[in-house]
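**Student:** Here is a sequence together with a model predicted from it:
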Amino acid sequence: MKYPTYDDRLYRCTVRRSVRLALDDGIIKKQPCEVCGLLDVEAHHDDYSKPLEVRWLCRKHHLDLHKALRKAGLWPAYNDKRVFIGVNSPIEEN
């Protein structure tokens, strides 16, 4: 597994900041958790090259997703493999 470099982490921080700014400016709006419908959600990026394309997940399901990615050996560098994984679905190549 490849671990992110400092530049990778800095890029991801910049992308997460762009989501916060877009929320503040009303460009995007939080949606309910795509798994359970809870309103207290976090943004998850499947692809950091698309900064405002996020999946809204509650904390539990966001952690479940990252746990599944780690178990599959795809996290923290899963974006390099260009895969999508659902919280309750098998790994599928894009």
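**Tutor:** Yep, that arrived.
**Student:** after the longest helix along the chain comes which helix or strand?
**Tutor:** When the chain is parsed with DSSP state H, its longest helix is helix 6-25. Helices and strands here follow DSSP states H and E; after helix 6-25, the next one along the chain is strand 41-44.
**Student:** List the neighbouring strands of that next one plus their orientation.
**Tutor:** strand 55-58 (antiparallel) (DSSP bridges).
**Student:** which of the residues in the partner strand are buried?
**Tutor:** Neighbour-count burial for strand 55-58 flags 55-58 (criterion: 16 or more other Cβ atoms under 10 Å). (Glycine included, C-beta is placed from N, CA and C.)
**Student:** Residue 43: neighbouring residues, count only.
**Tutor:** With neighbours defined by other Cβ atoms under 10 Å, the count for residue 43 comes to 21.
**Student:** what does residue 8 give?
**Tutor:** Residue 8: 16 neighbours (other Cβ under 10 Å).
**Student:** Any stretches of the protein with poor pLDDT?
**Tutor:** Applying pLDDT under 70 to the chain picks out residues 1-4, 75-94.
**Student:** can you do 90?
**Tutor:** 1-13, 46-49, 66-67, 69-94 (pLDDT under 90).
**Student:** before we move on, back to that, distance between the longest helix of the chain and the chain's centre?
**Tutor:** 12 Å (Cα atoms, centre = their mean, to the nearest Å).
**Student:** Right, I'll call it a day here.
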